[in-house]
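Trainee: Turn this into a model:
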Amino acid sequence: MIHKNFIYILIFLLLIVSVSSATLPVLRITLKSTGGGGTGGIDFFYINYLGSNLSGVSGATNRTLNTTLEFIVVDNFILHPDYDYNYNGTQIEFYNSIWDDQDITSWTTNASLISMNYEGSDLSGNDGDINRNLELNGSGFSFIVVDNFQLQPNDYALGLYNLTFKNSISNSSIITIWNSSSVTSYKLNTNNFDGVSGDLDRNALAVNLDIVTIDNFNLHPEINYDYNPITTNLKLLDFLWSDQIIIVWS
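Mentor: I've put the predicted structure just below:
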């Protein structure tokens, strides 16, 4: 005869197994990036998510996520506020389709970044021209995004009252300029990394690191790279080729 307590224990174990085997949303690890803050710059904070953390079903539009943000990156593309999403201070609504396996990084700072949207038609010149100019209001800028690609310093030239885009800009392009006087950037040469061109897991020392871009793509911390602010070691988790351009922001 089976003891009652054994039956209760068996039922409890079956419940644990059924819950653990259910499909649950995966929340990426939450960490603080302290590269800039360690030297008096802005502290950047990030939270990594998967698309499965959003409301709705995989591939749907208008999915929502409760988070705080200054800007957001999906699969290495930085999104344009108002054009790609709506943010009400506590929740973001994505206008475009988001799939459950997509990587999402929500970035915040301890000093708010101010963003301003433009369209290519706001620039001087004609549709598709190079060296088109955008008049600035004198407040400067920290980084620029055109059609979800974050520009590198060699993609533009800053004048006294205007910004010149060196590459072709169409009238339909979406341009977002984020501004904060404390954000700085520098180029990290690929020959500073160990290994050879095309290797995985290459390492280099990089001080004042918060945000990393390679060839205009935003890298996801922990997913595309690991950074140790104590040793200042940057480890890229993807292939790195000698002709790629790496910009570090802090």
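
Trainee: got the contact list for the nearest residue to Asp82 once chain neighbours are set aside?
Mentor: Using C-beta to C-beta, 6 or more residues apart in numbering and skipping the chain neighbours, the partner closest in space to Asp82 is Asn117 (5.9 Å). Every C-beta, even on glycine, is put in place using the N, C-alpha and C of the backbone. Applying C-beta atoms under 8 Å, 6 or more residues apart in numbering to Asn117 gives the contacts 80-83, 174-176.

Trainee: Can you lay out those residues as JSON lines showing pLDDT and secondary structure?
Mentor: JSON lines is the format used below for the contacts of Asn117 (pLDDT from 0 to 100; DSSP: H, G, I helix; E, B strand; the rest coil):
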{"residue": "His80", "pLDDT": "98", "secondary structure": "coil"}
{"residue": "Pro81", "pLDDT": "97", "secondary structure": "strand"}
{"residue": "Asp82", "pLDDT": "96", "secondary structure": "coil"}
{"residue": "Tyr83", "pLDDT": "97", "secondary structure": "coil"}
{"residue": "Ile174", "pLDDT": "98", "secondary structure": "strand"}
{"residue": "Ile175", "pLDDT": "97", "secondary structure": "strand"}
{"residue": "Thr176", "pLDDT": "96", "secondary structure": "strand"}
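
Trainee: where does the chain have low pLDDT?
Mentor: 1-42, 138-140 (pLDDT under 70).

Trainee: Could you list the domains of it?
Mentor: Structural domains annotated on the chain: 27-109, 114-179, 185-249, as defined by automatic domain parsing.

Trainee: Can you tell me which of the contacts of Asn117 lies closest to Ser112?
Mentor: Pro81 (12.9 Å; C-beta to C-beta).

Trainee: and Ser121, how many neighbours?
Mentor: By the measure other C-beta atoms under 10 Å, the count of residues near Ser121 is 11.

Trainee: Could you do Asp201 as well?
Mentor: With neighbours defined by other C-beta under 10 Å, the count for Asp201 comes to 15.

Trainee: ok so, going back, can you check my assumption that the residue nearest to Asp82 lies in a strand?
Mentor: Yes: under DSSP: H, G, I helix; E, B strand; the rest coil, Asn117 sits within a strand.

Trainee: now it, which residues is it bridged with?
Mentor: On the basis of DSSP bridges, Asn117 is bridged to Thr176.

Trainee: Check Asn48 too.
Mentor: Bridge pairing for Asn48 (DSSP bridges) gives the partners Thr105.

Trainee: ok, so what distance separates it from His220?
Mentor: According to C-beta to C-beta, to the nearest Å, Asn48 stands 6 Å off from His220.

Trainee: and what of Asn189?
Mentor: As for Asn189, its distance to His220 is 22 Å (criterion: C-beta to C-beta).

Trainee: In terms of neighbours, single out the busier of these two.
Mentor: More neighbours surround His220 than the other of Asn189 and His220, with 20 against 10 (other C-beta under 10 Å).

Trainee: Can you name the residues that contact the more buried one?
Mentor: 48, 73, 76, 103, 105.

Trainee: Among these, list the two that are farthest apart in space.
Mentor: Farthest-apart pair in the contacts of His220 is Asn48 and Asn76; separation 12.7 Å (C-beta to C-beta).

Trainee: Much appreciated, bye for now.
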